[in-house]
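Student: sequence plus predicted model, see below.
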Amino acid sequence: MIGIKPTVRKGQYDGPLAREEFRLRFMRRFYDPAFEAERDALERLEAIAWEGYEAGRKAPVTVKAGQGYADPDYDLSQEWKETRDRLERAEAVQRDPDTPSRVLVIVGAARNDGTCPGEVSKSWRLARLVLDELQTAGVQTDLLDLSRLVSEYEYSIHPCKGCVSTAMPLCHWPCSCYPNHSLGQSNDAMAGIYEQWVAAHGVILVAPTYWYQSPSPLKLMIDRLVCADGGNPDPTLTGGKDPLKAKQVELAGWPYPKHLAGRAYGLVVHGDVAGVEAQRRGLADWLDWMGLMDAGAASRLDRYISYYRPYATSHDDLDQDQAVQQEVRNVAQAMANFLPRLRRGEFEGLDQGIRDPRPK
């Protein structure tokens, strides 16, 4: 956009933590009295962590970007570069017409019998039906159970930091906000999750409805996938996280690349009282926006299970609901039927001659 001079607004950040507050937060991770025997060692580790925090060592291990980047001499995070290289390899396999069709099945519920609820989620059970149907049809499958965020040690999806709202090129593909070692933001699961999405020809989301919305683990993943829709695959263009450079790059003309476009999707959204239709529509709108295609009318399902009945017997109600079980299997069948046509290119060119006047 010619004639616009970008500016960067400042003033929200309160500044770094005081030394003692940092120490208190660091030591809370070792609240268990069993750590007392290593108090001296913890004091030394805390001092190292504080020094990294003060120095802002977000990416303490770097490698030169190398060929293919705007600035080959730029020092990229080694962890980010390894993730980016894995995505490129996965993309090459995904695009090979001789590879078997692959579907990623995502369990969006937070409930897991390995932690406080003490019982599996209905979403997990429904996902097993999807997996069984796909595998019977000869489709390769991957499972992403987002309840691992609450049931597994140091397995996290950190929140999206909203870089895209500063400027689209500041939002890197894959996300480079994490890990941030200076802030203790590590063990981010999204590196592996990006690879699962890229490797898939189709994605089926199975999710319950929590308070009219998607469960928080699912929403965390959704937000962190914003980089797949317009994200910048070359952080050297923006000098890493330089907001002014990113604004200049966007205003010079940005293509908003859709890195996951062309894949198929299916949806299974369930609930027990209200909100399933709104969540299913919201998820479909999001996937449509990213350039995915639904696998047909039968691939988008919203249903109530155990409607206004006790939570304690909801699994028993699911056992009796043979109709909803078959409808869930139908979502998988729709995907299995759709993928061969999609991969043969039968839907290519449908948008030929259509120009988007509002790319974003």
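Tutor: In hand now; what should we look at?
Student: hang on, residue 248 packs against residue 7?
Tutor: No - the pair residue 248 and residue 7 does not pass the contact test of CB atoms under 8 Å, sitting 11.1 Å apart. Yep, even glycine has a C-beta here, placed from its N, CA and C like the rest.
Student: more neighbours, those two?
Tutor: Each of residue 248 and residue 7 has its neighbours counted (other CB atoms under 10 Å); residue 248 has more, 17 against 9.
Student: so where's this structure shaky on pLDDT?
Tutor: Of all residues in the chain, those with pLDDT under 70 make up the ranges 1-2.
Student: secondary structure element holding the residue most central in space within it?
Tutor: Per CA atoms, centre = their mean, the C-alpha nearest to the average position across the chain is that of residue 221, at 3.3 Å. Assigned by DSSP states H and E, residue 221 belongs to helix 216-224.
Student: and that helix, which residues are buried?
Tutor: 217-222, 224 (16 or more other CB atoms under 10 Å).
Student: mind giving me the packing neighbours of it?
Tutor: Other elements packing on helix 216-224 under the criterion 3 or more CB pairs under 8 Å, 6 or more residues apart in numbering; DSSP states H and E are helix 148-151, helix 190-199.
Student: pick the most buried one from the ones you listed.
Tutor: helix 190-199 (a mean of 20; mean count of other CB atoms under 10 Å).
Student: what inclination does that helix have with respect to helix 216-224?
Tutor: Put simply, helix 190-199 runs at 70 degrees to helix 216-224, going by axes from the mean of the first three to the mean of the last three CA atoms, to 10 degrees.
Student: got a list of contacts for helix 190-199?
Tutor: With CB atoms under 8 Å, 6 or more residues apart in numbering as the test, helix 190-199 has contacts from 79, 83, 86-87, 90-91, 93-94, 102, 104, 142, 144, 157-158, 174-175, 178, 203, 221, 224-225, 228, 259-260.
Student: show me the residues you listed that map onto helices.
Tutor: In helices, judged by DSSP state H, the following of those are found: 79, 83, 86-87, 90-91, 93-94, 221, 224.
Student: checking the nearest residue to residue 300 once chain neighbours are set aside next. Helix, strand or coil?
Tutor: Setting aside the residues directly before and after it, residue 300 is nearest to residue 267 in space (CB to CB, 6 or more residues apart in numbering), at 4.9 Å. Classification of residue 267 by DSSP: H, G, I helix; E, B strand; the rest coil places it in strand.
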